[in-house]
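Undergrad: fold the following, please.
(chains A and B)
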Amino acid sequence: DAGVIQSPRHEVTEMGQEVTLRCKPISGHNSLFWYRQTMMRGLELLIYFNNNVPIDDSGMPEDRFSAKMPNASFSTLKIQPSEPRDSAVYFCASKDLGSTEAFFGQGTRLTVV
Amino acid sequence: DAKTTQPPSMDCAEGRAANLPCNHSTISGNEYVYWYRQIHSQGPQYIIHGLKNNETNEMASLIITEDRKSSTLILPHATLRDTAVYYCIVRVQTSGSRLTFGEGTQLTVNP
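TA: Reported below is the predicted structural model:
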């Protein structure tokens, strides 16, 4: 397996634009996590899904952020409209519900100018 | 999840053992201790976890005190590639539970 795949790896966008980050979890994994990492706040859990169902979205900063998992092999994190303070590295991770180890993707570095 | 406390940074000489401490004095009986690390510009990577017994795998050893209020991650022969931020996480090992990261310890392995 190629691991957790995130796209794009880098994204530069203008303030006010919509941004969509994508994640393909490891095949067979049924838990998926979205994290945001900044120097100021470290690694923050935004939302996680079990069996494609959002379980806890209390970390989502505000209504501009939304996440979906339409099927077991794909998830998106959307920011609309984007703001400069959304600039960060966004990580996706997946795990099997019965396993202890979560696997992380390489992240998407988002810059909003 | 119980709160953890780690030193912000540590140094270690290449080839020596790196001992990374973690305090988790409010840990509950059903909470496990997990360690992850994050090498610069990469996603976090699982290292090891344990409940109350000491654990060892190909990457590291985990020593948990008898009262479970603290633990130590040991990298027996640190290499330059072990330079990373190391996160100690305490969580319940129920299926699908959240994984929350603190500030971690920046370990720098020096030649």
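Undergrad: show me where the chain has its helices.
TA: No chain in the question, so chain A it is. Read by DSSP state H, chain A holds no helices at all.
Undergrad: smallest gap between it and chain B, at which residue?
TA: A:Phe104 (2.9 Å; Cβ to the nearest Cβ). Every residue, glycine included, has its C-beta placed from N, CA and C.
Undergrad: I figured that residue hits B:Tyr87, correct?
TA: No: under the criterion of Cβ atoms under 8 Å, A:Phe104 is not in contact with B:Tyr87, lying 11.7 Å apart.
Undergrad: any shared contact partners between those two?
TA: B:Pro44 (Cβ atoms under 8 Å, 6 or more residues apart in numbering or on different chains).
Undergrad: all strands of chain A, in order?
TA: Secondary structure of chain A (DSSP state E): strands at A:5-7, A:10-13, A:19-24, A:31-38, A:42-50, A:53-56, A:65-71, A:74-79, A:88-95, A:103-104, A:108-112.
Undergrad: before we move on, the earlier item: what sits against the closest residue to the residue of chain A closest to chain B other than its chain neighbours?
TA: The spatially closest residue to A:Phe104, leaving aside those adjacent along the chain, is B:Gly43, at 2.9 Å (Cβ to Cβ, 6 or more residues apart in numbering or on different chains). By Cβ under 8 Å, 6+ apart, the contact set of B:Gly43 is A:4, A:91, A:93, A:104-107.
Undergrad: kindly recompute the last result at 7 Å.
TA: A:91, A:104-107 (Cβ atoms under 7 Å, 6 or more residues apart in numbering or on different chains).
Undergrad: and A:Phe104 and B:Tyr87? Which one has more around it.
TA: B:Tyr87 (26 against 23; other Cβ atoms under 10 Å in any protein chain shown).
Undergrad: which pLDDT value belongs to the residue nearest to A:Phe104?
TA: Per-residue confidence (pLDDT) for B:Gly43: 95.
Undergrad: just to be sure, it is in a strand?
TA: No: with DSSP: H, G, I helix; E, B strand; the rest coil as the criterion, B:Gly43 is coil rather than part of a strand.
Undergrad: list phi and psi for it.
TA: phi -80, psi 160 (degrees, to the nearest 10).
Undergrad: show me what contacts the closest residue to A:Lys95 other than its chain neighbours?
TA: Computed as Cβ to Cβ, 6+ apart, the closest residue to A:Lys95 that is not its neighbour in sequence is A:Ala102, at 4.2 Å. For A:Ala102, the contacting residues are A:33, A:93-95, B:46, B:99, by Cβ under 7 Å, 6+ apart.
Undergrad: out of the residues you listed, the closest to B:Thr4 would be?
TA: Of all those, the one with the least separation from B:Thr4 (Cβ to Cβ) is B:Leu99, at 12.7 Å.
Undergrad: who in chain B is up against chain A?
TA: Neighbours of chain A within chain B, by Cβ under 7 Å from any Cβ of the partner chain: B:42-44, B:46, B:49, B:93, B:95-96, B:98-101, B:103.
Undergrad: buried subset of those, written for ChimeraX?
TA: Restricted to buried positions by 16 or more other Cβ atoms under 10 Å in any protein chain shown, the ChimeraX selection for these reads:
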select /B:43,44,46,49,96,98,99,100,101
